[in-house]
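Undergrad: sequence and predicted structure, then a few things I'm wondering about:
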Amino acid sequence: MVLLSGCGAFGDRVEQQKNWTVEQFYRYAKEELDSGNFGGAVRAYEALEARYPFGRYAQQAQLDIAYAYYRDNETAQAVSAADRFMKLHPNHQFVDYALYIKGLAYFKPDLGMFGELLNLDASERDPKALRESFEVFKDLVVRFPESRYAEDARSRMAYLVNSLAKHDVSVAKYYLNRGAYLAAVNRAQNVMQRYPQAPANEEALVVTVQAYEAMGKKELAEDAKRVLVKNFPKNNMVAAINNAPKAWWKLW
């Protein structure tokens with residue numbers, strides 16, 4: 001009986017929509033969005049666009065669909081919806097918003113319930129989405145430096161740089177621990193070259209020294225130590241160098 005009554009209510013809603021104005025469609029879709037029924041909101045916005053494909057309400061519906069997908073953790077659909085809006089309206093005044101939503105869709109850690117419970121670091125994720133997010137936010141701040149979303153995009157870019165650098169350092173340490181010393185050096189140097197201002201450069205230098213020491217490349221190890229001392233003079237690892245210059249890296 002409940003099932004039948006639900007079907008009846010749905011049928012009534014469809015019947016009512018036959019006579020809805022574009023304003024009524026939009027109001028209903030917005031109510032679904034605000035209530036957290038993102039799937040229902042997408043369906044309502046799509047119905048609006050199908051019935052009224054032109055005008056500002058249809059354009060706003062396209063943007064709201066991207067936002068609804070983003071809120072529903074549907075990254076691919078959110079990106080696709082944002083791209084569709086920008087393709088249809090390349091000179092629209094809200095292209096910056098479409099870029100922002102696209103960047104957020106990539107940025108949002110897709111770690112689910114367990115990620116929140118375990119407090120997983122974004123640097124532990126597959127870096128592809130992090131790089132995609134960085135590029136989208138970069139596009140936003142370059143094309144629309146005065147956008148209301150530009151400041152937040154810049155903050156997220158800084159976070160992403162740090163996360164990407166930390167990820168590469170984690171990979172370098174993985175190589176180091178398994179005796180792949182040259183691969184460790186290459187990945188650590190990649191961090192320092194690509195992300196020169198990232199805090200992870202400190203660990204990258206440590207890995208570099210460790211790897212060179214393990215390979216018996218004393219001169220290169222000493223060069224890396226000097227860079228570490230110069231750039232991070234107050235670090236505990238620098239104190240270890242001063243106290244035990246021949247074996248400091250084994251203490252870390």
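TA: Looks like it arrived, so ask away. Numbering: from 1, shown residues only.

Undergrad: next one: the helix or strand hosting Arg27 to chain centre, how far?
TA: Assessed by DSSP states H and E, Arg27 sits inside helix 22-34. For helix 22-34, the gap between its own C-alpha mean and the chain's C-alpha mean amounts to 29 Å (C-alpha atoms, centre = their mean, to the nearest Å).

Undergrad: C-terminal to it, what's the next element?
TA: Following helix 22-34 in sequence, per DSSP H and E, is helix 38-51.

Undergrad: what is the neighbour count of Tyr195?
TA: 21 (other C-beta atoms under 10 Å). For glycine as for every other residue, the C-beta is placed from the backbone atoms N, C-alpha and C.

Undergrad: pretty sure it contacts Val161?
TA: Yes: with contacts defined as C-beta atoms under 8 Å, Tyr195 counts as touching Val161 at a distance of 5.3 Å.

Undergrad: quick one: contacts of the helix holding Arg27?
TA: For helix 22-34, contacts defined as C-beta atoms under 8 Å, 6 or more residues apart in numbering pick out 17, 20, 38, 40-41, 44-45, 47-48, 51-52, 55, 57, 60-61, 64, 67-68.

Undergrad: again, 6 Å this time
TA: With contacts defined as C-beta atoms under 6 Å, 6 or more residues apart in numbering, helix 22-34 is touched by Gly40, Ala41, Ala44, Tyr45, Leu48, Tyr52, Tyr57, Ala68.

Undergrad: what residues sit buried inside it?
TA: Within helix 22-34, the residues that count as buried by 16 or more other C-beta atoms under 10 Å are Val22, Phe25, Tyr26, Tyr28, Ala29, Lys30, Glu32, Leu33.

Undergrad: next: stretch 89-99.
TA: Burial within stretch 89-99, assessed by neighbour count using 16+ other C-beta under 10 Å, is assigned to Phe94, Val95, Asp96, Tyr97, Ala98, Leu99.

Undergrad: and if you look at stretch 212-219?
TA: Of all the residues in stretch 212-219, those buried under the rule 16+ other C-beta under 10 Å are Tyr212, Glu213, Lys217.
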